[in-house]
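>>> Attaching a predicted model along with its sequence, questions to come.
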Amino acid sequence: MSAESSARRGRTVDRQIALVREWDNLVGRVRSLGPGFADFLRPQRLSSLLPAVGTGTMVLVNVTGTRCDALLVEASGVRPVPLPRLAADETAERVLAHVRRLGGVEEASIRVQRTARRARDRPSFAAFQDHHTAKQELRATEEELDVRLLDDMCWLWDAVAEPVLEAAASNRIWWCPTGPLSFLPLHAAGHHDGSGRSVLDRAVSSSAPTLRALARARTAPSVGADRMLVVAPATDPPLPQTAAELDLLRSLFPSHRLTVVEGPDATRERVLRELPHHRWAHFSCHGRQSLLDPSHGGLMLADGILTVADLGAGRFDGGFAFLSACMTATGGLRLADEVITLGAGLHYAGFRHVLATLWSVDAEVAYAFAGQLFPELIANGGLGAARTAEAAGRAVRRLRDAEPERPSRWAPFTHTGP
């Protein structure tokens, strides 16, 4: 290195040190302004976050190759619960197999739609035969998914949920799994054989991206008008439940409390413009998630995708959002700990209560869930969002009791919020 280069590098280092000192000085001056600024740019103190759980329990499930534990966060403090039956290798294997099975169902469903269009547009014996074969393949992949999912949920109960519920101070639980465990339905863990050994039967469950997000949701105001925004873009293929969900909401809400944005009007710009002026929102549309780049996943509107990043950039201060779309609570494989999901994005952006799904949901089941949920929440033309967790849990239990052998149809529904 020449003398000139060495001198230039020295000046750069000196300048960086000076900037760091200037920054520290400015932060110190801000913190000295008074008690309200004492923690400026400091991590929030645990003591200020603990009240967020109230009388409930937040469960952070840590999965590592060394050992696995659940951290129970309660108003009185934090305590660990060892999970000796949970192992990182088995978790990864189960999650990867689960994701592959979901992918197989998606591919089979696409083949059914494609062959149905071909049989409709160019009717022939071969076209009808292809469509029949595609439907058989879809049924086979769905049956395999359900059988394996029931086994995964029993394993989740034995390895995680049962020891957690035995140790928890109450039956109000917020699940906060880490890593690949976030792809599995912890809120529905259990032996669904009528024995009552399940989270659905023993607890009111929600998800929470972080303790700080839960604390913020408990205190954040809902400043939008007492109106429901319904977003229903035209979709290809069409969503059979959209018209039924619109009819349901129109029957429950007075017209002056309902804004319907549908068809070609349901654009990204229009939806982002309307959201801050509505306390409640319902999306009836296709959802898409990129498992390798989850920030680009989102809701498919008339002019493109309303992404997780789009929603995260806004601030809406809403009370309730229902994402009647697919994979809206699914994150990414590479950054599973980052909770980059559409549901979490809406929650971070200010919607206190968010209902979303872990995987693609049958249209008939999506409507059945909405039909169970909304009548419980609506009174006097308004929506009681504070009851969302309990109402969602009851709706899922009713769906489960009708088809206990089909968990792929009722286990994906999740609630995020206080």
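Looks like it arrived, so ask away.

>>> Show me this structure divided up by domain.
3-37, 52-212, 222-416 (automatic domain parsing).

>>> Format these as JSON lines; extra columns: distance to Arg45 and mean neighbour count.
Using the backbone N, CA and C atoms, a C-beta is placed for each residue, glycine as well. Converted to JSON lines, those look like this (distance: least, CB to CB, whole Å; neighbours: other CB atoms under 10 Å):
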{"stretch": "domain 3-37", "distance to Arg45": "14", "mean neighbour count": "10"}
{"stretch": "domain 52-212", "distance to Arg45": "11", "mean neighbour count": "18"}
{"stretch": "domain 222-416", "distance to Arg45": "21", "mean neighbour count": "20"}
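
>>> quick one: which of the ones you listed has the weakest pLDDT on average?
In terms of average pLDDT, domain 3-37 trails the rest of the domains of the chain, at a mean of 77.

>>> quick one: that one to chain centroid distance?
41 Å (CA atoms, centre = their mean, to the nearest Å).

>>> Over to stretch 389-399?
16 Å.

>>> do the same with stretch 157-172
That offset, for stretch 157-172, works out to 21 Å (CA atoms, centre = their mean).

>>> Just the CA atoms from that stretch would do, formatted as CSV, please.
Provided in CSV are the C-alpha atoms of stretch 157-172 (Å, rounded to 0.1, in the frame of the first residue of the first chain):
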residue,chain,number,x,y,z
TRP,A,157,-49.4,-32.7,20.4
ASP,A,158,-47.1,-35.2,22.0
ALA,A,159,-43.9,-33.3,21.3
VAL,A,160,-45.0,-29.7,21.9
ALA,A,161,-48.6,-28.9,22.7
GLU,A,162,-49.4,-31.2,25.6
PRO,A,163,-46.3,-30.3,27.7
VAL,A,164,-46.9,-26.6,27.0
LEU,A,165,-50.6,-26.7,28.0
GLU,A,166,-49.8,-28.7,31.1
ALA,A,167,-47.3,-26.0,32.2
ALA,A,168,-49.2,-22.9,31.0
ALA,A,169,-51.0,-20.7,33.5
SER,A,170,-54.2,-20.5,31.4
ASN,A,171,-55.9,-21.8,28.3
ARG,A,172,-55.4,-18.5,26.3
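
>>> ok, now which ones touch Leu258?
Residues near Leu258 by CB atoms under 8 Å, 6 or more residues apart in numbering: 227-228, 230, 249-250.

>>> Give me the phi and psi for the residue nearest to Leu311 when sequence neighbours are not counted.
Distances taken as CB to CB, 6 or more residues apart in numbering place Gly345 nearest to Leu311, at 4.2 Å, with adjacent residues excluded. The phi/psi pair for Gly345 (degrees, to the nearest 10) reads phi -60, psi -40.

>>> Break down the stretch 301-418 of the chain into its strands, ranges please.
304-307, 320-324, 353-357, 378-379, 382-383, 413-416 (DSSP state E, counting those that start in this stretch).

>>> For Asp265, find the nearest of the ones you listed.
Closest of these to Asp265 is strand 304-307, at 13.9 Å (criterion: CB to CB).

>>> Please name every helix or strand in contact with the closest one.
The contact analysis (3 or more CB pairs under 8 Å, 6 or more residues apart in numbering; DSSP states H and E) places strand 304-307 against helix 268-274, strand 298-301.

>>> Remind me what the longest one packs against, helices and strands.
If contacts are counted by 3+ CB pairs under 8 Å, 6+ apart, helix 268-274 sits against strand 225-232, strand 258-262, strand 304-307.

>>> Now tabulate those in CSV and tack on distance to Gln113.
Below are those laid out as CSV (distance: least, CB to CB, whole Å):
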stretch, distance to Gln113
strand 225-232, 20
strand 258-262, 22
strand 304-307, 19
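
>>> rewinding a little: can you add distance to Gly34 and give the helices and strands packed on strand 304-307 back as CSV?
Output for the helices and strands packed on strand 304-307, formatted as CSV (distance: least, CB to CB, whole Å):
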stretch, distance to Gly34
helix 268-274, 37
strand 298-301, 42
